[in-house]
Each structure stands twice: as C-alpha cells, then as structure tokens.
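K.L.:
I would like to see how this sequence folds:
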Amino acid sequence: MNAPKPPTREIVIHERIGELRAALFDRDRIVELRLERWSTHESRVRWGQIYAGRVTAIDGRIGGAFVDLGVGEPAFAPFGREREAELRVGAAVAVRIVREAEGGKGPALAYEGLAPQGPCPRLLEDATPWQGWPGEPREADEDEIDRIDAAFEAALHTEVPIAGGGRLTIERTRALTAVDVDSANRETGGTDPARFARGLNLAAVPEIVRQIRLRGLGGLICVDFTGPRRKGDAEALTKALISAFDAEKNGGVAAPKTEVLPVSRFGIAEIARQKRRQALADICLDAAGQPTAETLAIEGINRLATSLKGAKGRTVTLYAPAAPLAFLEADPIGWRQDIADTIGGQFHLRLGRPNQTQCEVVIA
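P.N.:
The predicted structure follows:
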C-alpha cells in the first residue's frame with residue numbers, strides 16, 4: 001500500500017516569547033507569513049472577526065457609519081448610496097472586519113445586520129491569525145523554525161534577489177508600494193538587449209507576487225520593469241502577473257482581490273490589491289524603516305531565553321539599547337513571568353554600549 005502523500009499546503013506556526021509567527025508552506029516553500037504580537041492581541045481587531053458594535057455617528061457625505069467596537073480605533077462601515085433603516089446612531093449592529101487598522105486609519109467593516117441580544121460592544125466571532133488559509137496549523141519543528149525566522153527577516157529587507165540574477169527593490173510610501181526590477185549582475189539571457197530584458201522581467205514576476213504575499217502588501221503597487229523592447233513584451237508581462245496572482249487562490253487560499261492593469265509601454269505595471277491586514281513592516285518597523293523598540297526587545301528576550309537554557313547556573317546578562325531596554329523594563333507583555341515559569345535562571349538587564357543597535361547576551 002502506498003504511503004499517503006504529504007499535503008501540498010500546510011500552516012506551520014511557531015510561538016515564541018512576545019509573538020506568534022505563522023507561515024503558509026506551498027510544496028515546501030514559504031509563500032505567506034502572518035505575525036501577531038502579544039502586546040496587541042487584545043487591543044486591536046483582526047481581519048475576519050465579527051463584532052457587535054454601537055453606531056456612534058452617521059456621515060452621509062462619505063456614505064458610512066462610525067462604529068465603536070470596544071477595542072482600538074473607531075471603525076467605519078460604508079453603506080453606499082442607500083442606508084439601511086436600522087443603521088442609525090445608537091443602534092447595536094453586527095459587523096465583520098474587512099480591513100485592519102493601519103496608517104492612522106481605523107478598521108473597515110462590512111455591515112451584517114442588527115446585533116443579537118446581549119452586551120454591546122463585544123466580540124461575536126473570533127478569527128485566527130491564519131484566517132483564510134486552508135487546513136489546521138501544526139507546530140514547527142526545529143528546521144522549520146529556522147526557515148520561518150529567516151523568511152521573516154528577509155521579508156523586511158528592501159532588496160530581494162531574482163532567480164538567475166538581478167534584484168528587486170521594494171520601497172513603501174504612504175500612497176503606494178514601488179517595486180523596481182534591476183538587472184544587477186544577471187548573466188543569463190544572452191547579449192541581445194531585448195531578449196535579456198524580456199527574460200529578466202519574466203523571471204522577476206513570480207518573485208514579485210511572492211514578495212507581495214510574504215510581506216502582506218496591499219493598496220496600490222507599482223512595478224517598474226526593465227523597459228519592454230519588443231512588440232508583445234508588455235502583453236506577456238501582464239498575462240504573467242495575472243496568472244501568478246490567480247495561482248495563489250489554488251488549494252483553498254482566500255486570496256485578497258487583486259486587479260492588474262496592462263503594463264504600459266514604459267514598463268510600468270499598476271496593481272491594486274485589497275488591503276486586509278497590517279503589512280509586516282507596519283508591525284516590525286518604524287516610519288524610518290528601522291526595527292521598532294518592541295521588535296528589538298522581542299529578539300533580545302528570545303536570545304536571552306535560549307542562553308538561559310544552556311547557562312547551567314551561570315548568570316546571563318542582556319545588554320540592550322535605550323529604547324528596547326525601556327520596553328523590557330516596563331514589561332507590557334509579561335515576558336519576565338513567562339521566563340520564570342518555563343525556563344528559570346538568573347539574568348540581568350543592562351544598558352548597552354553607545355551606538356549599539358541590537359540586543360546582546362553575555363553569559364558569565
């Protein structure tokens with residue numbers, strides 16, 4: 001009897017001190033990432049949740065209602081040209097989260113009708129961090145933890161290599177995400193400029209779509225391809241992009257709605273992708289693109305935890321820059337208690353050296 005084939009897609013999760021990391025594997029390759037921090041688990045709403053909320057204001061100019069969910073920022077439920085009669089100030093309504101809060105904007109809602117009897121506001125139906133992925137999650141093994149950690153780190157870098165040579169540069173602004181395709185040190189493709197550009201651009205397409213998925217990018221995304229040189233090149237790129245986005249829906253993945261406009265004669269592709277969740281960069285990086293104090297602190301905590309496991313009674317000291325140290329000392333996520341309950345051992349927190357940018361651990 002033949003052994004059953006392993007699943008094509010798997011949800012693999014790894015919870016470490018301070019955050020839960022989830023990865024969607026497709027044929028043993030990571031194609032999507034999700035991140036949930038302990039610090040915001042109960043202080044912000046999540047895509048897919050359903051709440052009973054209270055309507056606090058109606059604004060006919062923008063065709064929507066503002067709703068108090070009892071958590072985080074006021075949320076907005078559009079009602080279009082005509083408003084349901086029961087949708088009025090003070091009404092208790094059931095709403096589904098269709099876009100999480102981001103960039104100073106509150107969550108976006110879909111109106112589901114009047115809320116059932118009971119307290120309001122309140123959570124009616126929860127959603128997992130891996131909402132929209134097919135199947136049930138399993139815990140990561142040691143090799144998968146390393147792969148997931150590496151994928152998270154790479155997804156925060158601005159430059160990404162293209163298979164066969166070349167690179168993508170991905171930069172975000174308030175208005176859009178810009179993706180630049182550059183030949184870099186690519187050698188494949190021959191000496192003919194037109195053939196070289198076509199090969200580079202087509203090779204870039206799968207990685208562009210993968211990076212959009214990995215990073216959780218949404219809104220307007222503009223891709224600057226190496227200029228198409230021959231008739232039909234722009235059409236080929238457009239078809240390749242559409243096909244790559246269509247493929248993400250296979251296997252039961254609830255993919256965000258995505259529209260790809262025809263690639264222009266200047267080699268510019270415009271992609272409009274539904275926003276649902278916070279992008280990874282919005283969670284992990286500050287406005288200057290540097291790791292936040294919380295991001296650095298969580299890395300430091302987990303290095304500390306690893307060191308304590310092998311300290312064998314010796315004292316472990318975590319040296320941290322000022323901002324992460326302040327986060328660690330305030331302990332808004334209960335990391336000290338978690339270490340005491342699961343690992344134990346003696347440790348100290350100290351201010352790091354001047355100009356130190358990462359947390360460092362010393363065992364003495």
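K.L.:
And the protein, what are its domain boundaries?
P.N.:
If you go by automatic domain parsing, the domain ranges for the chain are 9-41+129-149, 50-125, 155-282, 291-363.
K.L.:
Could you export the ones you listed to a markdown table, including columns for mean neighbour count?
P.N.:
(Each C-beta comes from the backbone N, C-alpha and C, glycine too.) A markdown table is the format used below for the domains of the chain (neighbours: other C-beta atoms under 10 Å):
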| stretch | mean neighbour count |
| --- | --- |
| domain 9-41+129-149 | 17 |
| domain 50-125 | 16 |
| domain 155-282 | 17 |
| domain 291-363 | 16 |
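K.L.:
Put together JSON lines for those, with mean pLDDT on each row.
P.N.:
Listed next are the domains of the chain as JSON lines, based on pLDDT from 0 to 100:
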{"stretch": "domain 9-41+129-149", "mean pLDDT": "96"}
{"stretch": "domain 50-125", "mean pLDDT": "93"}
{"stretch": "domain 155-282", "mean pLDDT": "92"}
{"stretch": "domain 291-363", "mean pLDDT": "95"}
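K.L.:
can you pull out the strands in the stretch 101-250 of the chain?
P.N.:
Secondary structure of the stretch 101-250 of the chain (DSSP state E, counting those that start in this stretch): strands located at 108-114, 122-125, 137-139, 159-161, 167-172, 177-182, 219-224.
K.L.:
Ile62 sits in which helix or strand?
P.N.:
Using DSSP states H and E, Ile62 falls within no helix or strand.
K.L.:
now do His14
P.N.:
Judged by DSSP H and E, His14 forms part of strand 9-16.
K.L.:
after that strand comes which helix or strand?
P.N.:
Per DSSP H and E, the first helix or strand lying C-terminal to strand 9-16 is strand 19-26.
K.L.:
could you point out which element follows that next one?
P.N.:
Downstream of strand 19-26, the first helix or strand assigned by DSSP H and E is strand 29-37.
K.L.:
Tell me the strands beside that next one, with direction?
P.N.:
Partners of strand 29-37 in the sheet, by DSSP bridges, are strand 19-26 (antiparallel).
K.L.:
Leu325: helix or strand, and which one exactly?
P.N.:
Assigned by DSSP H and E, Leu325 belongs to helix 322-330.
K.L.:
and the next helix or strand after that helix, what other elements does it pack with?
P.N.:
The helix or strand immediately downstream of helix 322-330 is helix 335-342, counting by DSSP H and E. On a contact count with 3 or more C-beta pairs under 8 Å, 6 or more residues apart in numbering; DSSP states H and E, helix 335-342 meets helix 293-309.
K.L.:
Which residues does the helix it packs on contact?
P.N.:
With contacts defined as C-beta atoms under 8 Å, 6 or more residues apart in numbering, helix 293-309 is touched by 16-19, 37, 39, 284-285, 291, 316, 318, 320-321, 323-328, 335, 339, 343-345, 347, 357-361, 363.
K.L.:
next one: stretch 170-179
P.N.:
103, 158-160, 168-169, 180, 208, 211, 215, 217, 219-224, 279, 281.
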